[in-house]
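In: I'd like to go over a predicted model; first the sequence, then the structure.
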Amino acid sequence: MKLLVTGGAGFIGSNFIIYWLKNHPKDLVINLDKLTYAGNLENLKDVEENPNYRFVQGDICDSSIVDSTMAGVDVIVHFAAESHVDRSILEPSEFIRTNVLGTNILLRSALKNKIKRFHHISTDEVFGKLELGEKNKFNERTNYNPRSPYSASKAASDHLVRAYHFTYGLPITISNCSNNFGPYQFPEKFIPLAITNLLEDKKVPVYGDGLYVRDWLYVEDHCRAIDLILQNGKIGETYCIGGLTKEINNIEVIKKIVGLLGKTEGAIEYVKDRPGHDRRYAVDWTKIKNELGWEPQGDFDQLLAKTVDWYKQHQDWWKSVKNGEYKNYYQTQYGIK
Ligand code: NAD
Ligand code: TYD
C-alpha cells in the first residue's frame with residue numbers, strides 16, 4: 001500500500017510515520033510537508049534512510065505539487081495544518097489558507113486520482129466547550145460549535161471532507177481527537193512548553209485561573225487509533241478519540257511536571273487569559289472502542305513521566321527548535337530552502 005501523509009514533519013505526523021513504517025514495513029510512505037516553523041525533519045531521522053519512505057517539500061495549497069505527489073497513492077492521511085490556537089488568535093489568515101483551502105485542494109486531487117481512502121485528522125475543539133462539573137462529553141453526534149479561528153478552520157475542513165463524500169462519493173473517514181502529548185511536540189504547546197521552560201529554569205505561564213480541563217491523549221495511542229480506522233473503519237464515518245485522564249486541570253498538570261522535574265511551585269506564573277478560552281474538553285471514545293476495539297493504553301502519570309524523560313534526553317532537539325536555529329540547520333543538513 002502507498003500512503004501519502006500530509007504534515008508528516010510535525011508532531012503527530014512524524015510520530016505516525018515512525019509508527020507506520022515500524023508496524024507496516026512493506027508499505028510506502030510519502031511525506032508531503034511545507035516545513036513551516038512547526039515542521040522538523042529531525043523528527044524523522046530514524047526513517048530518513050528507509051527505502052520505503054520519501055519526503056516531498058511542498059504546500060498543500062499548491063495543486064500542481066499535490067497532483068504530482070498523489071499519483072499512484074492508495075490512502076491519504078491528512079495531518080497538515082496550522083495547529084496552535086494562540087497563533088490563530090494573533091493572525092487567522094494562514095489557518096484559513098492551509099486548513100480550509102489546502103484541504104480543498106487535497107480533496108479535489110484525491111477525487112481526480114481515485115484515492116481509495118482519504119482520512120482527515122481533526123480535533124475535538126470543533127465541538128466548542130464544556131463546563132466544569134458537567135458529566136457530558138463530546139461524541140460523534142455532538143453539534144459543531146467552534147470558538148477560535150483555529151477550531152473554526154478545522155470545523156470548515158471537516159465539513160468539506162464530508163461534503164466531498166456525500167456529493168462526489170469520495171471514500172473518507174474523519175477522526176476528532178483530544179489534546180495529544182508525547183515526543184517531538186513543538187514547545188509552543190502547553191505540556192512541552194512547561195517541561196522545557198522548567199528545564200531552562202524559566203517560569204511556566206498559566207492562562208487565567210488555570211482551571212481549564214483538557215483530555216490528554218498519548219500520541220502513540222492516537223497513531224494506533226488511526227491505524228485501526230484505516231484498516232477497519234467504515235467509509236463515511238467519524239470516530240472520536242480521547243485519553244485516559246480524569247478531569248485534570250492545567251494547574252494539576254503543571255504540578256505533576258514540577259514534581260517530576262524536582263522544581264518548586266514558585267515556577268508557576270499566572271498570566272492574562274486567552275480570549276475565548278474553552279473551559280473544558282472531554283471525549284467519549286465508546287464508538288471506536290465498540291467498533292474497532294481501540295482504547296488508550298497506560299495511565300496519564302506514567303505517560304507524562306515518559307514524556308518528561310524524553311524532553312530531558314532530547315535537549316538538543318528542543319533547544320534548537322526554541323532558538324529558531326533549526327531552519328538553518330535543515331538548509332545545511334538537507335539542502336532544503
Ligand atoms: P504541528 O503544528 O506540529 O504540525 C503541522 C505540520 O503541518 C508541520 O510539519 C507543518 O510544516 C505542516 N504544514 C503546515 N502547513 C502546511 C501546508 N500549507 N502544506 C504542507 N504542510 C504544512 O501539528 P500537530 O500537532 O502534529 O497536528 C497535526 C494534526 O492533528 C492537525 O491537523 C491538527 O489540527 C490535529 N490535531 C492536533 C492535536 C494536538 O494536540 N496536537 C489535537 C487534535 C487534532
Ligand atoms: P494548548 O497546548 O495550546 O492546546 P489547546 O489550546 O489546543 O487545548 O493549551 C492547552 C491548555 O493549556 C489550554 O487550556 C491553554 C493552556 N495554556 C496555558 O495555560 N499556558 C500556555 O502557555 C499555553 C500554551 C497553554
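Out: Alright, I've got the coordinates. Ligands and ions are numbered 1, 2, ... in the order given.
In: which residues touch residue 72?
Out: residue 2 (C-beta atoms under 8 Å, 6 or more residues apart in numbering). Glycine gets a C-beta too; all of them are placed from N, C-alpha and C.
In: Name the helix or strand for it, please.
Out: Under the criterion of DSSP states H and E, residue 72 resides outside all helices and strands.
In: Check the burial of the residue lying closest to residue 62 once chain neighbours are set aside by counting its neighbours.
Out: Among residues not flanking residue 62 along the chain, residue 105 sits closest, at 7.5 Å (C-beta to C-beta, 6 or more residues apart in numbering). If you count neighbours by other C-beta atoms under 10 Å, residue 105 ends up with 19.
In: Wait, a helix at residue 105?
Out: Yes. Residue state for residue 105 (DSSP: H, G, I helix; E, B strand; the rest coil) corresponds to a helix.
In: residues from the stretch 51-200 of the chain in reach of ligand 2?
Out: Residues of the stretch 51-200 of the chain lying near ligand 2 by C-beta under 6 Å from any ligand atom: 85, 179, 189-190, 193.
In: Mind doing that once more with 5 Å?
Out: 85, 189-190 (C-beta under 5 Å from any ligand atom).
In: Just those residues: which are in helices?
Out: 85, 190 (DSSP state H).
In: Tabulate the residues of the stretch 51-200 of the chain next to ligand 2 (CSV), appending distance to residue 305, neighbour count and pLDDT.
Out: Formatted as CSV, those follow (distance: C-beta to C-beta, whole Å; neighbours: other C-beta atoms under 10 Å; pLDDT from 0 to 100):
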residue, distance to residue 305, neighbour count, pLDDT
85, 26, 20, 95
189, 18, 18, 96
190, 17, 22, 96
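In: Out of the residues of the stretch 51-200 of the chain next to ligand 2, which is nearest to residue 223?
Out: Nearest to residue 223, judged by C-beta to C-beta, of these is residue 189 at 17.3 Å.
In: ok, the nearest residue to that closest one once chain neighbours are set aside - contacts?
Out: Spatially, and ignoring its direct neighbours in sequence, residue 189 is nearest to residue 84 (7.0 Å; C-beta to C-beta, 6+ apart). Neighbour list for residue 84: 38, 150, 186, 188-189 [criterion: C-beta under 8 Å, 6+ apart].
In: near ligand 1, which residues of the chain?
Out: 7, 9-12, 33-34, 36, 38-39, 59-60, 79-81, 83, 98, 102, 121, 123, 177, 179-180.
In: To what extent is the closest residue to ligand 1 within the stretch 201-337 of the chain buried, counted in neighbours?
Out: Per C-beta to the nearest ligand atom, the residue of the stretch 201-337 of the chain with the smallest distance to ligand 1 is residue 217, at 7.4 Å. By other C-beta under 10 Å, the residues close to residue 217 number 27.
In: can you check residue 309 too?
Out: Residues near residue 309, counting by other C-beta under 10 Å: 13.
In: For it, give its distance to residue 128.
Out: 34 Å (C-beta to C-beta, to the nearest Å).
In: sec struct for residue 263, please.
Out: Criterion first, three-state DSSP; result for residue 263: coil.
In: returning to what we had before: mind checking which of the residues of the chain next to ligand 1 are in helices?
Out: Checked against DSSP H, those include these in helices: 11-12.
In: and the residue nearest to residue 232 when sequence neighbours are not counted, what does it touch?
Out: Of all residues not flanking residue 232 in the chain, residue 292 sits nearest, at 5.4 Å (C-beta to C-beta, 6+ apart). Residue 292 makes contacts with 225, 228-229, 232-233, 239, as judged by C-beta under 8 Å, 6+ apart.
In: out of those, who's nearest residue 276?
Out: For those, the nearest to residue 276 is residue 239 (26.8 Å; C-beta to C-beta).
In: Identify each buried residue in the longest helix along the chain, please.
Out: Identified as the longest helix of the chain according to DSSP H is helix 149-168. Buried residues in helix 149-168, defined by neighbour count with 16 or more other C-beta atoms under 10 Å: 149-158, 160-162, 164-165.
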